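[1] Provided below for reference: sequence and predicted model.
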Amino acid sequence: MRGEDIEDLTAFLRGVDLTLSGLDAPGVRLWIARDANGEIVGSTGYELSDDRRHVLIRSVAVSPTHRSDGRGIALARFALDRAAAEGAAEAWLFSRRSGPFWRRLGFEPADRDDLAAALSQTHQVRLFQRTGQLGREVAWSRSLSERIPPG
């Protein structure tokens, strides 16, 4: 993703009701998929912990018109593979609505306080702590040393 994509990505993520915090921060890695008309149809990304052992998967979304074609799994796998290549050993995320999707990728429910401790400096964790939203979130995790289940 390039700097000029931030406005489009912000609108896309707002439309699918995902967190907008830190999208333009240097440590946040984001990728987008556009259709033939240049419209964003998917996104994925993550933030590494300060020690680079943990990664917070975020901004994984597919537009409603492009769901159920495997694009979401492909985008999530891309972020997980890139994070592992950067040395992360454990992947974490917040999701109140998409548990079955994340289970397909080997994620299991996790303690949100453990997530917050491992990734305390990420934009999303800091936002959720500041606003009190952390207590309402559902955390998920998986080891990146294990093979990602087939899609």
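    Here it is on my side, so go on.
[2] CA atoms for contacts and neighbours, from now on please.
    Will do.
[3] tell me the centre residue of this protein?
    Taking Cα atoms, centre = their mean, the centroid of the chain lies closest to R58, which sits 1.7 Å from it.
[4] shouldn't that residue be within a strand?
    Yes - judged by DSSP: H, G, I helix; E, B strand; the rest coil, R58 forms part of a strand.
[5] pull the contacting residues for it.
    T44, G45, Y46, E47, L93, F94 (Cα atoms under 8 Å, 6 or more residues apart in numbering).
[6] closest to D17 among these?
    Nearest to D17 among the contacts of R58 is F94, at 12.9 Å by Cα to Cα.
[7] the residue nearest to the centre of the chain bridge partners, please.
    Beta-bridge pairing for R58 (DSSP bridges): G45.
[8] that one and F12, how far apart?
    14 Å (Cα to Cα, to the nearest Å).
[9] then E47?
    19 Å.
[10] more neighbours, these two?
    A count of neighbours by other Cα atoms under 10 Å puts E47 above the other of E47 and F12, at 26 against 22.
[11] the more buried one contacts T122, correct?
    Yes - contact criterion Cα atoms under 8 Å: E47 and T122 qualify, at 6.5 Å.
[12] where do the contact lists of the two overlap?
    Contact with both E47 and T122 is made by residues L56, according to Cα under 8 Å, 6+ apart.
[13] confirm that A76 lies within a helix, as I assumed.
    Yes - A76: assigned to a helix according to three-state DSSP.
[14] most remote residue from the protein's center?
    Going by Cα atoms, centre = their mean, the residue of the chain most distant from its centre is N37, 24.9 Å out.
[15] now that one: phi and psi?
    When read as degrees, to the nearest 10, the backbone of N37 gives phi -90, psi 0.
[16] just the pLDDT for it.
    The score at N37 is 93. That number is its pLDDT.
[17] before we move on, what about the one 5 residues further on?
    At G42, the model reports a pLDDT of 95.
[18] for Q129, see how far away it is.
    G42 is 27 Å from Q129, by Cα to Cα.
[19] of the two, which one has the most company?
    Just comparing G42 and Q129: by other Cα under 10 Å the higher neighbour count belongs to G42, 24 against 14.
[20] any idea which element the more buried one lies in?
    strand 40-48 (DSSP states H and E).
[21] residues in contact with that strand?
    So strand 40-48 is contacted by 8-9, 12, 27-35, 54-63, 66, 71-72, 75-76, 78-79, 83, 88, 119, 122 (Cα under 8 Å, 6+ apart).
[22] nice, that's everything, thank you.
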